[in-house]
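*Asks:* Show me how the following folds:
(one chain, ligands or ions: 2)
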Amino acid sequence: MKLNIALLAGDGIGPEVIAQAVKVCDAIATKFNHEINWTPALTGAAAIDACGEPYPDETHEICLKADAVLFGSIGHPKYDNDPSAKVRPEQGLLKMRKKLGLFANIRPTFTFPSLIDNSPLKRERIEGTDLVFLRELTGGIYFGEKGRKDDGETAFDTCTYTRAEVIRLAKKGFELAMTRSKKLCCVDKANVLETSRLWRETVQAMEKDYPEVTVSYEFVDAVAMRLVQWPNSYDVLITENLFGDILTDEASVISGSMGLMPSASVGEKTSLYEPIHGSYPQATGLDIANPLATVLSAAMMFEDAFGLAEEAAAIRNVVNKSLENGIVTEDLSGKNKAYKTSEVGNWLAENL
Ligand code: IPM
Ligand code: MN
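*Replies:* Numbers count the residues shown, from 1 in each chain. Ligands and ions are numbered 1, 2, ... in the order given. From the prediction side, this is the model:
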């Protein structure tokens, strides 16, 4: 099969982890007789430096033409510490999500048997955890009206949702639940927020179309607690943009490292695959970042974007093998030898 993939390495550790995913994908292509055509494109601070724009039109065109986008990370400390910056790398990510219509962000959380004791949470709490967040990605407070008034003394961000936005996200949640344990949790703050009441009312009205799915409605604060207490009690969770952002970082603690969790963003145009971690600026260029979240995002890409389940399984198997053999970066190595980012990538490619 011919696979055209746009490669957006981005900032910080992005280029380093992306390089390992490329090694792995190329090894898969050789093994399974595919031809991958990589098209690199600029995004984030790297794009601002090059052309003053964090998601240039040229990058968008490349993404539109590609069969899938593999993305690293975005963000740079020089902008984090400058609240007055007019252009920020993160705007590139948001613009990209919006322009590609990526309204659903699929973030699985699972454990690796060989890493259970790496999690700060007790084994008996987390063993067997296998849940998926469906985070709404192109609406809510991220995209609502925002600004300053009263000579800059008052700031506001608005959370807005339309029924149609809730329906298209919830539909994906119901459909995913049907392929799993038929359990869906709608996470909201309907005791306080009007947008949450719209979410709840809309999802409730959809229940009749999926009679086999058991739906629960839980407040986000309670979910934040139960997620680390009884993660096993969840299967598919749907939620709005900001709640999803926060809860999926929290959930990554279950797996033992943020450097492990992949994600897929899907919607109207080309789908995008990216690790849930950020640009980890302190580690930039040190060859120490964990590449596995990006490698596992590539596995999601093979399975979901190309329908190549065997290739995806091969990637997941070799990742499990690397973990079992202790071929891991410093976030997971404990007292044992820490391997470099590039060494982990080489090992994975060789062992495929
Ligand atoms: C994520 C990130 C982004 C978000 C940032 C970098 C804008 O934290 O993908 O979760 O908040 O969506
Ligand atoms: Mn986040």
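
*Asks:* Only alpha carbons, please: show stretch 178-193 as PDB.
*Replies:* Taking C-alpha atoms only, stretch 178-193 is exported to PDB below (Å, rounded to 0.1, in the frame of the first residue of the first chain):
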ATOM      1  CA  MET A 178     -20.700  -0.600  21.100                       C
ATOM      2  CA  THR A 179     -17.300  -2.100  20.100                       C
ATOM      3  CA  ARG A 180     -16.200  -2.400  23.700                       C
ATOM      4  CA  SER A 181     -18.100  -3.100  27.000                       C
ATOM      5  CA  LYS A 182     -21.100  -1.000  26.000                       C
ATOM      6  CA  LYS A 183     -20.500   1.400  28.900                       C
ATOM      7  CA  LEU A 184     -20.400   5.200  28.400                       C
ATOM      8  CA  CYS A 185     -19.800   7.900  30.900                       C
ATOM      9  CA  CYS A 186     -20.700  11.500  30.100                       C
ATOM     10  CA  VAL A 187     -18.500  13.800  32.100                       C
ATOM     11  CA  ASP A 188     -19.800  17.300  32.800                       C
ATOM     12  CA  LYS A 189     -20.600  19.900  35.400                       C
ATOM     13  CA  ALA A 190     -24.300  20.000  34.800                       C
ATOM     14  CA  ASN A 191     -24.900  21.200  38.400                       C
ATOM     15  CA  VAL A 192     -23.300  24.500  37.500                       C
ATOM     16  CA  LEU A 193     -22.800  25.000  33.700                       C
END
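
*Asks:* Other residues contacting that stretch?
*Replies:* Here stretch 178-193 makes contact (CB atoms under 8 Å, 6 or more residues apart in numbering) with 132, 159, 170, 173-174, 177, 196-197, 199-200, 203, 210, 212-221, 223, 234-240, 243-244, 247. Yep, even glycine has a C-beta here, placed from its N, CA and C like the rest.

*Asks:* Restricted to buried residues, select the residues you listed in ChimeraX.
*Replies:* Entered in ChimeraX, the line below selects the buried ones among the contacts of stretch 178-193, by 16 or more other CB atoms under 10 Å:
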select :132,159,170,173,174,177,196,199,200,203,210,213,215,218,219,220,223,234,235,236,237,238,239,240,243,244,247
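
*Asks:* Determine how far stretch 228-241 lies from the middle of the whole chain.
*Replies:* Distance, stretch centre to chain centre, for stretch 228-241: 15 Å (CA atoms, centre = their mean, to the nearest Å).

*Asks:* how about the CA coordinates for that stretch, as CSV?
*Replies:* Presented in CSV, the C-alpha positions along stretch 228-241 are these (Å, rounded to 0.1, in the frame of the first residue of the first chain):
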residue,chain,number,x,y,z
VAL,A,228,-7.3,7.5,40.3
GLN,A,229,-9.4,5.6,42.9
TRP,A,230,-11.2,3.1,40.6
PRO,A,231,-10.0,3.6,37.1
ASN,A,232,-11.3,0.1,36.3
SER,A,233,-14.9,1.3,36.7
TYR,A,234,-14.6,3.3,33.5
ASP,A,235,-14.6,2.3,29.9
VAL,A,236,-15.6,5.0,27.3
LEU,A,237,-15.8,8.6,28.6
ILE,A,238,-17.0,11.5,26.6
THR,A,239,-16.4,15.1,27.6
GLU,A,240,-15.8,18.7,26.5
ASN,A,241,-12.5,20.2,25.5
